[in-house]
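# Okay, sequence plus prediction incoming.
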Amino acid sequence: NNMYEQITESLIKGRYTEVAELTQKALDEGYEPKEIINEALLTGMNEVGELFSDGEMFVPEVLVAAKAMASGMDLLKPLLKEGDVTSAGKCIFCTVKGDLHDIGKKLVAMMLEGAGYEIVDLGVDVGPEAIIEAVKEHQPDIIGMSAMLTTTMMSMKETVEALKENGMYDKLQVMIGGAPVSTNYADQIGASFSADAAAAVDLANRLMA
Ligand code: B1M
């Protein structure tokens, strides 16, 4: 479909004004909001994810593409009917206690959102207590934690322990990532590791299957 292809292409190129214009045009021509999201916007964001993991697109471009996606979503979201959006799962996301690096976390959260996950982003410098409170409030399927410092990654272990103490660990999945984190560390603490945003989406899909 030519209309969807145009939107997808503008999104990948990060042309956010054009994405909004084309989305409006599609609506005026009678396309369904849900179809525009699935066939045009999400298709574009998935491609962005693939280009990023292949090293053919870089962080600033991905962020502009995300902005383009948002400019289309802003028009479509108010028009969605109940039942139009089925969430792939609910994720709580954060950067761990003591750690202020949030670019990678945002990128991963955004890609998961593009893949249909509902994201609650708790921000940066988030310790076990705040995560326990958020689990009570939001009842997520997945907790995603990011750490970029060797000195903060132990907060992930503390959080997993706190989840166990509070009887929450068996009811959800814990995903971790960030430069100092590895599969080995994830195995040690009882979490799942992915190396980048696209791998995080694959992992989440596997965990939810
Ligand atoms: Co900081 N910093 N920094 N820094 N910083 C690093 C991480 C560092 C490696 C630089 C270095 O020394 N070479 C080093 C850590 C050393 C270590 O512990 N091993 C470091 C340091 C030491 C520090 C400070 C202590 C510096 C100081 O003040 N003396 C300080 C600490 C502040 C704090 O957090 N308390 C600090 C501060 C900062 C800035 C504020 C200046 C800034 C952060 C701005 C921000 O995020 N808003 C910053 C930055 C930008 C970096 C580097 C240069 C880039 C990080 C980044 O955003 N990468 C970084 C060096 C580097 O990595 N080259 C560095 C881009 C991003 C897309 O990638 O975050 O890796 P990344 O995320 C990837 C994957 O890791 C993965 O997917 C993402 C997308 O592909 N991923 C996940 C991440 N989270 C995931 C979660 C998942 C799954 C995958 O599931 C839940």
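Done, it's in.
# Is the lowest-mean-pLDDT helix or strand in the chain positioned near the ligand?
None of the helices or strands of the chain scores lower by mean pLDDT, DSSP states H and E than helix 103-114, at a mean of 84. Yes - using Cβ under 6 Å from any ligand atom, helix 103-114 reaches the ligand at 103, 104, 105, 107, 108. The way it works is simple: take the backbone N, C-alpha and C, and place the C-beta from them, glycine included.
# which ones are touching the nearest residue to residue 39 once chain neighbours are set aside?
Excluding its sequence neighbours, the residue lying closest to residue 39 (Cβ to Cβ, 6 or more residues apart in numbering) is residue 4, at 4.5 Å. Neighbour list for residue 4: 26, 35, 36, 39, 40, 43 [criterion: Cβ atoms under 8 Å, 6 or more residues apart in numbering].
# Likewise for residue 59?
Counting by Cβ under 8 Å, 6+ apart, residue 59 has contacts 52, 103, 107.
# any idea how far it lies from residue 117?
20 Å (Cβ to Cβ, to the nearest Å).
# same deal with residue 55?
Distance from residue 55 to residue 117, by Cβ to Cβ: 24 Å.
# In terms of packing, which of those two has more residues around it?
Ranked by neighbour count (other Cβ atoms under 10 Å), residue 55 and residue 117 place residue 117 first, with 24 against 7.
# Isn't the more buried one up against residue 204?
Yes - between residue 117 and residue 204 there is a contact under Cβ atoms under 8 Å: 6.5 Å.
# Tell me how confident the model is about stretch 72-87, as a mean pLDDT.
Stretch 72-87 shows a mean pLDDT of 79.
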